[in-house]
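Engineer: sequence below, structure please.
(one chain, ligands or ions: 2)
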Amino acid sequence: MIKRTLQDIAPWVNGEKLGNAEISGVSTDTRTIREGSLFVPIAGEHFNGHDFGEKARDNGAAAALWGKNQPAPPAGFPVIYVEDTLQALQDLARNYLASLPARVIGITGSNGKTTTKDMVASVLGTTYKVQKTEGNYNNHIGLPLTILGLEEDTEMAVLEMGMSGRGEIELLSSIARPHAAVITNIGESHLQDLGSREGISEAKFEIAAGLRENGTLIIDGEEPLLTKKAASAPFRVLTFGTSDTNDYYPVRSEQKKDGTNFTIYKEAEESFFIPVLGSHNINNALAAIAVAGLFEVSYSSIRKGLERLQVTGMRTELVEGRDGVTVINDAYNASPTSMRAAVKLLQDLQADGKKIVVLADMLELGEKEETFHMETGKDIEAAEIDYVFTLGSLGRKIAEGAAVNFSENRLLSFDDKQALIKELGSLVGRGDVVLVKGSRGMKLEEVVQSLA
Ligand code: ATP
Ligand code: MG
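Structural biologist: Ligands and ions are numbered 1, 2, ... in the order given. So this is what the prediction gives:
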């Protein structure tokens with residue numbers, strides 16, 4: 001983590017210091033602040049961090065950044081006065097990172113950012129000292145905090161970049177200045193804010209704006225909205241995807257019970273195993289292989305890195321449930337693209353028993369939300385899936401869509417989660433595989449727990 005004096009960092013944040021102190025680490029939250037850190041109070045909608053200066057000092061903060069127009073800081077507490085503490089946090093991260101030797105990989109996209117970030121970190125970790133975004137610290141506050149947590153001797157910083165509107169990825173990319181940037185895919189998340197898939201693709205493409213000189217952009221080559229933009233790009237572009245027009249594509253693949261095998265062809269065939277399921281995860285792994293190639297990681301190291309991958313929880317996570325039931329826990333979040341990918345994964349899977357999907361509302365899809373749910377339902381293959389359970393009023397639309405292929409007795413819609421859990425519990429048995437997926441707000445992990 002950052003270890004500097006106020007003297008060192010005052011020019012970085014365009015601030016005026018009062019007193020001096022050594023700081024190690026940065027925190028915006030007085031509840032989790034560590035001894036010796038720099039407290040950065042953020043003025044938010046509901047809370048103003050500047051109200052917690054005393055608390056920050058009592059909990060061990062060595063100093064703080066402080067908004068010029070805010071109530072005075074605790075007497076005698078070393079501070080740097082700045083115009084705006086959020087901007088200062090971002091400037092601090094930008095300048096700190098620029099002072100480090102680390103090479104930077106930025107990852108954005110509608111789905112698969114965290115998974116790809118974990119894969120990239122795992123393959124680079126075989127050869128370099130790597131640090132990555134923890135959890136989902138991927139926004140205008142989380143990304144700077146992640147950067148300020150980097151050690152001086154870290155060789156590779158793998159950073160997730162999330163967004164909810166235009167301009168955000170450009171800001172994050174301008175802070176991180178990636179040597180390599182990945183756009184995993186374009187889906188429908190944030191359609192509500194960005195209006196169209198075109199709008200979403202433009203927002204994701206903003207990551208290219210921060211690329212360093214000689215940087216490389218790595219994109220989903222199956223997405224015309226991205227390849228079209230990349231065609232006229234003044235920097236190197238690599239693509240990944242299912243077809244052989246891509247720089248990285250699988251020549252074959254095989255779904256196993258505990259993961260996925262796939263093979264690529266470069267100068268020779270190279271085969272890999274990833275301990276996660278679904279063709280969407282092959283795509284994520286291809287992006288990671290492309291990054292690893294840029295930094296000259298050998299194929300045998302890439303193989304090891306992918307094999308020992310540990311993904312962040314609830315993303316297509318295999319859970320051995322009670323009574324011989326297998327659960328695919330994808331309760332972390334959902335959008336039409338990712339729900340389709342997850343359902344396809346279950347369709348392709350060999351199961352001894354029944355195959356059941358439990359699908360809930362996908363939130364924040366804007367005015368076409370009902371259509372998205374209906375279409376997701378229509379695509380579910382009745383020959384491969386035995387039962388469709390849905391939760392919530394939008395979830396019900398999935399069942400309505402599925403009704404074109406499914407008989408009524410295989411479609412069960414609920415508004416009450418406990419009722420769903422009860423019905424599901426009485427239906428499942430040994431050898432069954434249950435996919436559980438819905439938006440974060442639907443808290444489907446409760447369904448997973450009921451089967452565990
Ligand atoms: P968030 O925007 O919440 O940070 P994320 O982009 O980091 O999400 P992950 O957490 O990696 O995405 O994955 C979330 C879900 O998206 C997974 O559980 C899986 O269902 C789906 N998913 C992952 N990768 C892809 C992909 N390449 N294409 C489509 N869906 C994917
Ligand atoms: Mg994420």
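
Engineer: show me what contacts the closest residue to ligand 2 within the chain?
Structural biologist: Nearest residue of the chain to ligand 2, counting by CB to the ion: residue 114, 3.4 Å away. Placement of C-beta: from N, CA and C, glycine included. Residues in contact with residue 114 (CB atoms under 8 Å, 6 or more residues apart in numbering) are 133, 136, 138, 160, 311-312, 315.

Engineer: shouldn't residue 344 be in contact with residue 277?
Structural biologist: No. Between residue 344 and residue 277 there is no contact under CB atoms under 8 Å: 10.4 Å.

Engineer: so which of these two has more stuff around it?
Structural biologist: Using other CB atoms under 10 Å as the criterion, residue 344 and residue 277 rank with residue 277 on top: 25 against 17.

Engineer: tell me the SS of that one?
Structural biologist: Here residue 277 is recorded as coil under DSSP: H, G, I helix; E, B strand; the rest coil.

Engineer: ok, now how distant is it from residue 98?
Structural biologist: Going from residue 277 to residue 98 by CB to CB, to the nearest Å gives 40 Å.

Engineer: ok, the helix or strand bottoming out on mean pLDDT in the chain near ligand 1 or not?
Structural biologist: Lowest mean confidence among the helices and strands of the chain (mean pLDDT, DSSP states H and E): helix 191-194, at a mean of 73. No. Using CB under 6 Å from any ligand atom, helix 191-194 never reaches ligand 1; the gap is at least 13.2 Å.

Engineer: how about the very next helix or strand once past that helix and ligand 1, touching?
Structural biologist: As assigned by DSSP states H and E, the chain's next helix or strand after helix 191-194 is helix 197-205. No. Shown here: helix 197-205 not in contact with ligand 1 (CB under 6 Å from any ligand atom), separated by at least 10.6 Å.

Engineer: quick one: residue 227 and residue 219 touch, right?
Structural biologist: Yes. Between residue 227 and residue 219 there is a contact under CB under 8 Å: 7.1 Å.

Engineer: joint contacts of the two?
Structural biologist: Residues touching both residue 227 and residue 219 by CB under 8 Å, 6+ apart: residue 239.

Engineer: neighbour-wise, which of those two wins?
Structural biologist: Of the pair residue 227 and residue 219, residue 219 is the one with more neighbours under other CB under 10 Å, namely 33 against 17.

Engineer: tell me how far the nearest residue to residue 357 once chain neighbours are set aside lies from residue 178.
Structural biologist: Spatial nearest neighbour of residue 357, excluding adjacent residues (CB to CB, 6 or more residues apart in numbering): residue 435 at 4.8 Å. Distance, residue 435 to residue 178, using CB to CB: 34 Å.

Engineer: kindly report the same for residue 70.
Structural biologist: Counting by CB to CB - residue 70 and residue 178 are separated by 33 Å.

Engineer: of the two, which one has the most company?
Structural biologist: residue 178 (26 against 16).

Engineer: picking up where we left off before, doesn't the residue nearest to residue 357 belong to a strand?
Structural biologist: Yes. Under three-state DSSP, residue 435 falls within a strand.

Engineer: dump the residue contacts of it.
Structural biologist: Going by CB under 8 Å, 6+ apart, residue 435 touches 327-328, 330, 342-343, 345-346, 355-359.

Engineer: what's the closest of these to residue 13?
Structural biologist: The nearest member of the contacts of residue 435 to residue 13, counting by CB to CB, is residue 330 at 40.9 Å.

Engineer: count of neighbours near that closest one?
Structural biologist: 29.

Engineer: mind checking how far the residue in the stretch 51-200 of the chain that ligand 1 sits nearest to is from residue 176?
Structural biologist: Distances between the stretch 51-200 of the chain and ligand 1 by CB to the nearest ligand atom are smallest at residue 112, namely 2.6 Å. Per CB to CB, residue 112 is found 19 Å from residue 176.

Engineer: what's the answer for residue 298, then?
Structural biologist: Applying CB to CB, the value for residue 298 to residue 176 is 26 Å.

Engineer: which one of these two has more residues nearby?
Structural biologist: More neighbours surround residue 176 than the other of residue 298 and residue 176, with 26 against 12 (other CB under 10 Å).

Engineer: hang on, the more buried one packs against residue 158?
Structural biologist: No. Assessed by CB under 8 Å, residue 176 is found out of contact with residue 158, at 10.3 Å.

Engineer: quick one, domains of the protein?
Structural biologist: Domain assignment for the chain by automatic domain parsing gives 3-83, 100-307, 317-451.

Engineer: which SS class is residue 238?
Structural biologist: Classified using three-state DSSP, residue 238 is strand.

Engineer: okay, now it: neighbour count?
Structural biologist: 21.

Engineer: just residue 348 next, same as before
Structural biologist: Taking other CB under 10 Å as the criterion, the count of residues near residue 348 is 16.

Engineer: same question, residue 221
Structural biologist: 23.

Engineer: now it, nearest residue through space, not along the chain?
Structural biologist: residue 239 (2.9 Å).

Engineer: cool, residue 223 as well?
Structural biologist: Distances taken as CB to CB, 6+ apart place residue 186 nearest to residue 223, at 5.1 Å, with adjacent residues excluded.

Engineer: contacts only, for the one you found.
Structural biologist: Counting by CB under 8 Å, 6+ apart, residue 186 touches 109-110, 197, 200-201, 204, 220, 223, 225-226.

Engineer: contact partners for the residue of the stretch 51-200 of the chain closest to ligand 1?
Structural biologist: With contacts defined as CB under 8 Å, 6+ apart, the neighbours of residue 112 are 184-185, 280-281, 283-284, 338.

Engineer: contacting residues for residue 388?
Structural biologist: Residue 388 touches 356-357, 359, 377, 380, 398-399, 402, 406, 410-412, counting by CB under 8 Å, 6+ apart.

Engineer: how does it look with 10 Å?
Structural biologist: The neighbourhood of residue 388, defined by CB atoms under 10 Å, 6 or more residues apart in numbering, consists of 343, 356-359, 377, 380, 382, 395, 398-399, 401-403, 405-406, 410-413.
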